[in-house]
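1. for reference, the sequence and a predicted model appear below.
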Amino acid sequence: MFDLKRTLDLVRGALLNPEATWRSYLPEAGDWKRTAFLLTGPLIVAAAIIAYLLGFLGSGGSIFGFGRPTLGMTLLQILMSAVIAGVVALIFSALAGAFKGKSSFALGLAATTLAFVPGYVGQALSGLPWIGPLLALGLFIYALVLLWKIIPLYLEVPDASRAAHYVVSILACIVAAVIVSTVFGGMLYEAGVGRDRTSFSGDDASDEVRGGVFGAASRQAELLAMAEEDTYTPPSDGKVREPQVQELIRVMDRAAEIRAEKDKRFQEIAKKADEEQEVSLSDFGQMMGGVVDIAGFQSAEIEVVKTGGGNWAEHQWVRESLRTAWIQKDLNEAVEHNYRLYEQYEEDLAEHIAR
């Protein structure tokens, strides 16, 4: 299935004329094995080998920071890159389904590989003295831009969900990449250097990675999808009702408690690491999974609203109406009414509205 000429044509096209190349490859993208042998595998191997050879031009450096890469480290990097490429494709495709796009691993692998051709080139050039890391960073950023553009074409994520899908997927990929790098870095460190005092144990690692990281990302995707389906027609007079204010306070207070609980857990794990205690992959998975949840789109509020049978669109309208009233006070009759309600519950609302 490997065709060197076809591979070189795709790489050249992905760099110089990306959108036309994406469209030309789309009919072939349904076979993930073809993409793996034709594009993903060759890019991973070539980038690692070229970086290894260029590393001899200067002081060099490996992805794990142990000086100029050895052949063994390069082989390990190839394996790690292959795992990450598969995980990234899986994340983008799985979450595309949650955001009403196509949930296809084959299309996800093709999309992420084609978009990250500049990133692989940057990885290959990273071994160059001085300018290599800067080129790698610039090409990686360019690859992220291309990834944003290719997702609607290959995974057909709707425009309304595009930004949410992209951000949640990127966050989940960062988490997954850190975990994979930690596992492979630990293998390399023990084999070639020694054992770090702060260790990562593997208790129920696969379950925690799946539950903590991917579970959090998938759950957030489901919540966002449910929230996007909510609609609400505000009353014609524009006036917020007192029960709506009371429900808003309940939701915001509970969401704040959830965020505080997560923050406390983060601090506990960080303290264990600072004190050089054993930090398990389950701890790491919980912490990173929480990052995915907290970093995106008011997910704590959404979950409180939706699990309580509420309407997210109504929740947003009430919150914004009270904020407008706090700012304007007496703009019109509706604003005056809403401001009086705000004053009545100011002690409870101030922390959540007056920002």
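-> That came in fine, so what should we check first?
2. ok, and the closest non-adjacent residue to residue 18?
-> Of all residues not flanking residue 18 in the chain, residue 146 sits nearest, at 5.8 Å (Cβ to Cβ, 6 or more residues apart in numbering). All C-beta spots, glycine's among them, are computed from the backbone N, C-alpha and C.
3. quick one: average confidence on the host helix or strand of that neighbour?
-> Applying DSSP states H and E as the criterion places residue 146 in helix 131-154. Computed over helix 131-154, the mean pLDDT rounds to 89.
4. in terms of secondary structure, what does the helix or strand that that helix is followed by contact?
-> Using DSSP H and E, the helix or strand that directly follows helix 131-154 along the chain is helix 159-192. When contacts are defined as 3 or more Cβ pairs under 8 Å, 6 or more residues apart in numbering; DSSP states H and E, helix 159-192 packs onto helix 71-98, helix 131-154, helix 215-229, helix 281-295.
5. does anything pack onto the longest one? Which helices or strands?
-> In terms of contact count using 3+ Cβ pairs under 8 Å, 6+ apart, helix 71-98 is assigned the packing partners helix 41-54, helix 105-115, helix 159-192, helix 215-229.
6. dump the ones you listed into a markdown table; add mean pLDDT, mean neighbour count and distance to residue 353 as well.
-> As requested, the helices and strands packed on helix 71-98 are arranged in a markdown table below (pLDDT from 0 to 100; neighbours: other Cβ atoms under 10 Å; distance: least, Cβ to Cβ, whole Å):
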| stretch | mean pLDDT | mean neighbour count | distance to residue 353 |
| --- | --- | --- | --- |
| helix 41-54 | 88 | 20 | 50 |
| helix 105-115 | 95 | 26 | 40 |
| helix 159-192 | 74 | 18 | 24 |
| helix 215-229 | 68 | 20 | 20 |
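7. dump those to JSON lines, plus distance to residue 261.
-> Below are those laid out as JSON lines (distance: least, Cβ to Cβ, whole Å):
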{"stretch": "helix 41-54", "distance to residue 261": "40"}
{"stretch": "helix 105-115", "distance to residue 261": "33"}
{"stretch": "helix 159-192", "distance to residue 261": "19"}
{"stretch": "helix 215-229", "distance to residue 261": "14"}
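8. the ones you listed: which one's closest to residue 142?
-> helix 105-115 (9.5 Å; Cβ to Cβ).
9. just to revisit the earlier point, okay, the helices and strands packed on helix 159-192, which one's buried deepest?
-> Highest mean neighbour count of the helices and strands packed on helix 159-192: helix 281-295, a mean of 22 (counted as mean count of other Cβ atoms under 10 Å).
10. ok, which of the helices and strands packed on helix 71-98 comes nearest residue 258?
-> helix 215-229 (12.6 Å).
11. and the helix holding residue 146 with helix 159-192, angle?
-> For helix 131-154 against helix 159-192, the angle by axes from the mean of the first three to the mean of the last three Cα atoms, to 10 degrees is 140 degrees.
12. what residue is smack in the middle of the protein?
-> Centroid-nearest residue in the chain: residue 171, 1.7 Å away (criterion: Cα atoms, centre = their mean).
13. okay, it and residue 177: tell me how far apart.
-> Using Cβ to Cβ, to the nearest Å, residue 171 is found at 11 Å from residue 177.
14. please apply the same query to residue 147.
-> Distance, residue 147 to residue 177, by Cβ to Cβ: 14 Å.
15. residue 51 too?
-> Taken as Cβ to Cβ, the span from residue 51 to residue 177 is 17 Å.
16. count the residues that sit near residue 318.
-> Counted with other Cβ atoms under 10 Å, residues neighbouring residue 318 total 23.
17. OK, contacts around it?
-> Residue 318 is in contact with 240, 244, 245, 247, 248, counting by Cβ atoms under 8 Å, 6 or more residues apart in numbering.
18. apart from its chain neighbours, what residue comes closest to the fourth one?
-> Spatial nearest neighbour of residue 247, chain neighbours left out: residue 310 (7.0 Å); criterion: Cβ to Cβ, 6+ apart.
19. low pLDDT regions in the chain?
-> In the prediction, the chain carries residues with pLDDT under 70 at positions 1-2, 56-70, 72, 183-222, 262-263, 265-298, 354-355.
20. hang on, the earlier thing: dump the helices and strands packed on helix 159-192 to TSV, plus distance to residue 30.
-> Formatted as TSV, the helices and strands packed on helix 159-192 follow (distance: least, Cβ to Cβ, whole Å):
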stretch	distance to residue 30
helix 71-98	12
helix 131-154	10
helix 215-229	23
helix 281-295	29
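21. please name every helix or strand in contact with the helix or strand that contains residue 305.
-> Assigned by DSSP H and E, residue 305 belongs to helix 299-307. Under the contact definition 3+ Cβ pairs under 8 Å, 6+ apart, helix 299-307 sits against helix 215-229, helix 242-274, helix 281-295, helix 312-328.
22. how about the CA coordinates for it, as CSV?
-> This file holds the C-alpha atoms of helix 299-307, laid out as CSV (Å, rounded to 0.1, in the frame of the first residue of the first chain):
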residue,chain,number,x,y,z
SER,A,299,-19.7,23.3,31.7
ALA,A,300,-20.4,23.2,35.5
GLU,A,301,-23.3,25.6,35.0
ILE,A,302,-24.6,23.6,32.0
GLU,A,303,-24.5,20.4,33.9
VAL,A,304,-26.4,21.8,36.9
VAL,A,305,-29.0,23.3,34.6
LYS,A,306,-29.5,20.2,32.4
THR,A,307,-29.4,17.6,35.2
